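Chemist: using only what follows, build the 3D model:
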Amino acid sequence: GPFLKGSTMHGKEKPAEKKLIKAFKDLGFWAGHMNTDIDGFLDILVQKKGKAFLLEAKDGRRTSLAVNLFEPTQPVFINEWVKSGGTAYLVTERDGEYEVYNAASSLVLSLKDPSLLVTELPGVCCGTAVEVVSDLATLWGVL
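Modeler: A predicted model of the protein is given here:
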């Protein structure tokens with residue numbers, strides 16, 4: 001129908017995202033893949049106890065340069081989101097292992113040094129979907 005027009009450009013939920021979303025839901029979060037026309041909006045929105053967080057999921061096999069973690073419109077969005085008090089994360093997945101990074105600081109570092117590798121970014125946490133979601137929930141104080 002007319003409501004689906006343009007939604008294809010945002011892509012479908014990736015298998016790695018499905019696992020993360022399920023893990024968040026299992027811990028009592030509202031979690032969903034976002035298809036939105038807001039420029040630069042991240043893949044996943046999660047919320048619990050009135051606190052909302054955004055995550056951008058990437059295939060760790062396809063991205064070695066940190067700067068490639070971001071879509072062209074994401075830097076502006078991330079900066080505005082963070083300036084208003086929001087927190088955003090980048091999550092890479094490779095063979096079922098997840099690495100979580102702070103999106104804003106990763107953005108700053110990758111723009112400063114375009115040759116910086118994803119693996120050189122300071123990580124927030126890593127592990128299986130269940131482990132990283134549990135770590136993030138603890139970090140956010142919403143368990």
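Chemist: would you tell me which strand is longest in the chain?
Modeler: Longest among the strand segments of the chain by residue count, using DSSP state E, is strand 51-59.
Chemist: what is the neighbour count of residue 62?
Modeler: Residue 62 sits with 9 neighbouring residues when counted by other CB atoms under 10 Å. The C-beta positions use only the backbone N, C-alpha and C, and glycine is treated the same way.
Chemist: no no, residue 94
Modeler: Around residue 94 sit 15 other residues, with neighbours defined as other CB under 10 Å.
Chemist: residue contacts, it?
Modeler: The neighbourhood of residue 94, defined by CB atoms under 8 Å, 6 or more residues apart in numbering, consists of 59-61.
Chemist: okay, now the sheet partners of the longest strand of the chain, with direction.
Modeler: Pairing partners of strand 51-59, with direction, according to DSSP bridges: strand 44-48 (antiparallel), strand 88-94 (parallel).
Chemist: which one, of the ones you listed, ends up nearest to residue 134?
Modeler: Each of the strands paired with strand 51-59 was checked against residue 134 via CB to CB, and the shortest separation belongs to strand 44-48, namely 12.6 Å.
Chemist: chain center to that closest one, what's the gap?
Modeler: Strand 44-48 sits 10 Å away from the centroid of its parent chain (CA atoms, centre = their mean, to the nearest Å).
Chemist: follow-up on the earlier one: for the strands paired with strand 51-59, give me TSV that also has distance to residue 115 and mean pLDDT.
Modeler: As requested, these are exported to TSV (distance: least, CB to CB, whole Å; pLDDT from 0 to 100):
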stretch	distance to residue 115	mean pLDDT
strand 44-48	28	97
strand 88-94	18	95
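Chemist: how about the ones you listed, which one is nearest residue 14?
Modeler: Closest to residue 14 of the strands paired with strand 51-59 is strand 88-94 (CB to CB; 8.1 Å).
Chemist: buried residues, the closest one. List them.
Modeler: The neighbour-count criterion (16 or more other CB atoms under 10 Å) identifies 88-93 as the buried residues of strand 88-94.
Chemist: can you name the next helix or strand after that strand?
Modeler: Using DSSP states H and E, the next helix or strand after strand 88-94 towards the C-terminus is strand 97-102.
Chemist: that next one pairs with which strands, parallel or anti?
Modeler: For strand 97-102, using DSSP bridges, the partner strands are strand 88-94 (antiparallel), strand 123-127 (antiparallel).
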